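Participant: No sequence on hand, only this structure:
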């Protein structure tokens, strides 16, 4: 299994949410790759490469990704998706904007806002406005 994590960054700095997402990826198991997309992202890519457990950093440095718009990011991720069993994004505004588009383009179900990993295909997530937890299993080839 190989996992792709979308890096969140701003102002040339990696956001802490990316570290949380890499931690979740490490609980799934497998090789972790981090995608850093944006414009002028060399420093962010260097920071991502220093995260414990990250095997590879992919960089998409282009003006197209400068504003972190969901549509071009989703298209980029889908173009890479064939090599990955899992695609993870932080449960932030950016992640919640990109992940559903990726899942739709891949024609798979999205597992939202996981709080725990039971196994590579089974996750714990909040339901009922966070008042209960559900264990959900995805049989899709690619888990988003």
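Facilitator: Happy to help now that I have it. It should be emphasised that the depicted structure is a prediction, and the values quoted were computed from it without experimental measurement.

Participant: Can you verify residue 133 is assigned to a strand?
Facilitator: Yes. Under DSSP: H, G, I helix; E, B strand; the rest coil, residue 133 falls within a strand.

Participant: Which residue comes closest to it once chain neighbours are left out?
Facilitator: Of all residues not flanking residue 133 in the chain, residue 124 sits nearest, at 5.4 Å (CB to CB, 6 or more residues apart in numbering). (Each C-beta comes from the backbone N, C-alpha and C, glycine too.)

Participant: again, but for residue 35
Facilitator: residue 58 (4.8 Å).

Participant: repeat for residue 12
Facilitator: Take residue 12 and drop its neighbours on the chain: the residue closest to it by CB to CB, 6+ apart is residue 43, 5.0 Å away.

Participant: again with residue 143
Facilitator: residue 86 (4.6 Å).

Participant: Please report phi then psi for the one you found.
Facilitator: phi -140, psi 140 (degrees, to the nearest 10).

Participant: Could you do residue 16 as well?
Facilitator: phi -60, psi -30.

Participant: Provide the partner residues of the residue nearest to residue 143 in its beta bridges.
Facilitator: With DSSP bridges as the criterion, residue 86 is bridged to residue 3, residue 143.

Participant: Mind pulling up the pLDDT for residue 130?
Facilitator: Per-residue pLDDT puts residue 130 at 89.
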